[in-house]
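Enquirer: All I have is the shape, not the residue letters:
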């Protein structure tokens with residue numbers, strides 16, 4: 001049986017964790033908005049620079065696209081990290097919900113959200129997975145454009161783009177595994 005102070009603590013903790021979970025969800029969308037803003041600028045620059053044939057400008061444009069690509073990758077990694085932190089808070093809320101349902105069996109019929117400490121699954125990023133895939137594709141597109149401005153052969157650029165996508169998806173998997181090892185398995 002949970003005493004009144006413990007109940008009060010769990011209620012306050014539940015509120016704080018739920019609030020943090022919601023804030024992280026908002027942060028994910030904010031990161032994606034930053035990504036969209038950062039990704040729109042290069043298209044404008046591409047339109048302006050495409051009319052200039054000066055090699056120095058072309059190299060500078062290529063460097064710019066490579067930097068934007070790196071920025072997009074870092075934003076995608078930040079989004080993955082935020083989603084994993086959101087899952088950590090969701091699991092904490094589930095544990096608190098479970099402690100209340102264990103204490104009062106009458107609550108179970110009213111609880112529609114999970115009480116399982118293993119949910120959500122860290123390896124499933126949910127709908128954020130599609131945002132990350134989109135961000136990776138845009139990053140690789142800008143990487144390819146950056147390489148194009150350095151006059152690399154198209155076939156090499158295509159090979160590097162494919163390899164880059166594979167590396168980014170591997171990186172995503174490693175980020176998730178590292179997070180689980182560090183924050184879940186302890």
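Expert: Great, that's in hand. Note that the structure is a prediction, hence the values are computed from the model and not measured.
Enquirer: mean confidence score for the longest helix along the chain?
Expert: Secondary structure of the chain per DSSP state H: the longest helix is helix 55-103. The average pLDDT within helix 55-103 is 89.
Enquirer: who touches stretch 47-54?
Expert: Among residues not part of stretch 47-54, those counted as contacts by C-beta atoms under 8 Å, 6 or more residues apart in numbering are 57, 58, 61. In this view, the C-beta of every residue, glycine as well, is placed from N, C-alpha and C.
Enquirer: how about the last one, what does it touch?
Expert: The neighbours of residue 61, taking C-beta under 8 Å, 6+ apart as the test, are 45, 46, 49, 146, 149.
Enquirer: hang on, the earlier thing: C-terminal to the longest helix of the chain, what's the next element?
Expert: Sequence order places helix 128-149 as the next helix or strand after helix 55-103, per DSSP states H and E.
Enquirer: Quick check, pLDDT for the nearest residue to residue 169 once chain neighbours are set aside.
Expert: Ranked by C-beta to C-beta, 6 or more residues apart in numbering and with sequence neighbours excluded, the top spatial neighbour of residue 169 is residue 136, at 7.2 Å. The model reports residue 136 with a pLDDT of 96.
Enquirer: between the contacts of stretch 47-54, which is closest to residue 37?
Expert: residue 61 (19.2 Å; C-beta to C-beta).
Enquirer: Residue 7: neighbour count?
Expert: 14 (other C-beta atoms under 10 Å).
Enquirer: next one: the one 10 residues further on
Expert: Burial measure for residue 17: 19 neighbouring residues, criterion other C-beta under 10 Å.
Enquirer: Over to the one 5 residues further on?
Expert: For residue 22, the tally of surrounding residues (other C-beta under 10 Å) stands at 12.
Enquirer: gap between it and residue 55?
Expert: Residue 22 sits 51 Å away from residue 55, going by C-beta to C-beta, to the nearest Å.
Enquirer: now residue 91
Expert: In terms of C-beta to C-beta, residue 91 sits 54 Å off from residue 55.
Enquirer: same check, this time on residue 133
Expert: Distance from residue 133 to residue 55, by C-beta to C-beta: 35 Å.
Enquirer: So between those two, which is more surrounded?
Expert: Comparing residue 133 with residue 55 by other C-beta under 10 Å, the one with more neighbours is residue 133, at 16 against 10.
Enquirer: Would you enumerate the residues in contact with the residue lying closest to residue 179 once chain neighbours are set aside?
Expert: Nearest non-adjacent residue to residue 179, counting by C-beta to C-beta, 6+ apart: residue 84, 4.6 Å away. By C-beta under 8 Å, 6+ apart, the contact set of residue 84 is 122, 175, 176, 179, 183.
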